[in-house]
Structures are given as C-alpha cells and as structure tokens.
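Asker: how would this look folded up:
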Amino acid sequence: MQQVYLHGLGQTPGSWEKTIAQLKSAERSVCPDLAGMLQEGHAAYETLYEALSKVCDRAEGNIDLCGLSLGGVLAMQYAIEHPQKVRSLVLIAAQYKMPKGLLRLQNILFQLMPNSMFQQTGLGKKAFIQLCKTMMKLDFSDSIKKIRCPTLVLYGERDSANKKAALELAGILKNAQLQVISGAGHEINVEAPEKLSEALRNFYNQIP
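Answerer: The predicted model follows:
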C-alpha cells in the first residue's frame, strides 16, 4: 500500500523525513514536491491540484493519503473526487472552507516580507502570494460528506487557528477520528514527528 504525504505551504518534501523515518515506511512512501509542480507564472491552486492528481492516479492500487495544511486541502479534494482510489485519509490542520479574512491578512503580511524569506519554499514571493489568492474561494462544504474512507483528523494543541475546522471536520465525516497532538503547533510533522508517527501508526493499524 503506497502512502502519499503532502507537505504544507512553505514546507518541502523533507518536512516529512523524520515522521517517515519513525514509521519505518520509506520504501512505500511518496512525498511529492508541491512547489516543483508549479511554475512562476502559473502558481494557481487548480494547476497544483491537477498535477498532484496525476501523481496519485499513477500509483498502483489504492493509496493512503496524508496532508498537512495546503497538503491537507489537496488530499481532501482528491478523496472527494476519487473515493475508489483512497483507502484512508489523514487531514492535519486542514481547512475545508478557506478563511478569507485570514488569507487576506496573510497576503498583506507576505507583501511586506523580503524575497529572501520565500527562497526555502521553492516558490518566489510572487508565486507564493498568487497561489494563496487562488485558494480563497475554495469551499468543500457541500461535497465533504462524499468522503467515506477511514479518516484521521489531527491538529496541534497550540494551533488555535485550525482547531475549529478540525472539530467540524471530525463531526461532519462519517468515518473520522479526531486527535490533538499535545505541545505541537501548526507544523506537526516538523515540531512533533515522534508523536505524529505514533498517531499515524495506530491509525493505519486499525484499517483492514
């Protein structure tokens, strides 16, 4: 069973390295480079989702799909549109309806930041902001109930911005579990890889 791990905006595939090492599942794990799927002039969510869909479609058999933040949004949409392909779903700090006010505030702050701050993301400043803008209208409220596979919803204890969405997702999804990672903030895969890997291991072991 192939496991696909999707990183957050501003992260890289390496952000999953410690978690996967703890799981001892490197041979069956895939960590797509989301920034690498975009070009400076075409940094749109739709373009990114289409590229990711092709990666997931090519995987042999069903997949376990795990995503954090932006990665969680992408994983959610793929699970909605390809229920026959996704065996299980893990959503970490994921929003199913984009908080427009928060995104607008973030984009204002991004405009004030120097270009050097965006180098490690694999995207330039312009592309980074453009991608965020194209996500503002995303709303899976009407389609989220289509997800029937076993789902683990996670958020960090200190991640107050995503707590509400996590609680709502766990309540909406028919086959979902909710877990809070103690002491962690938003980037659980970086901040608490040991605790995250334990949660994932326990979840995967429950799936037939």
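Asker: shaky segments in this structure?
Answerer: By pLDDT under 70, the low-scoring segments of the chain are 39-41, 100-101, 103, 105, 107-108, 110-114, 116-122.
Asker: Please enumerate the helices of it.
Answerer: 17-23, 45-58, 70-81, 100-112, 125-134, 160-172, 188-191, 193-206 (DSSP state H).
Asker: For those, state which one has the densest average packing.
Answerer: Counting by mean count of other CB atoms under 10 Å, helix 70-81 has the highest mean neighbour count of those, with a mean of 24. In this view, the C-beta of every residue, glycine as well, is placed from N, C-alpha and C.
Asker: Run through the neighbouring helices and strands of it.
Answerer: strand 2-6, helix 45-58, strand 63-68, strand 86-92 (3 or more CB pairs under 8 Å, 6 or more residues apart in numbering; DSSP states H and E).
Asker: switch to 10 Å and redo it
Answerer: On a contact count with 3 or more CB pairs under 10 Å, 6 or more residues apart in numbering; DSSP states H and E, helix 70-81 meets strand 2-6, helix 45-58, strand 63-68, strand 86-92, strand 151-156, helix 160-172.
Asker: Which one of those lies nearest to Ser141?
Answerer: helix 160-172 (8.7 Å; CB to CB).
Asker: Give me the angle between that closest one and helix 70-81.
Answerer: 20 degrees (axes from the mean of the first three to the mean of the last three CA atoms, to 10 degrees).
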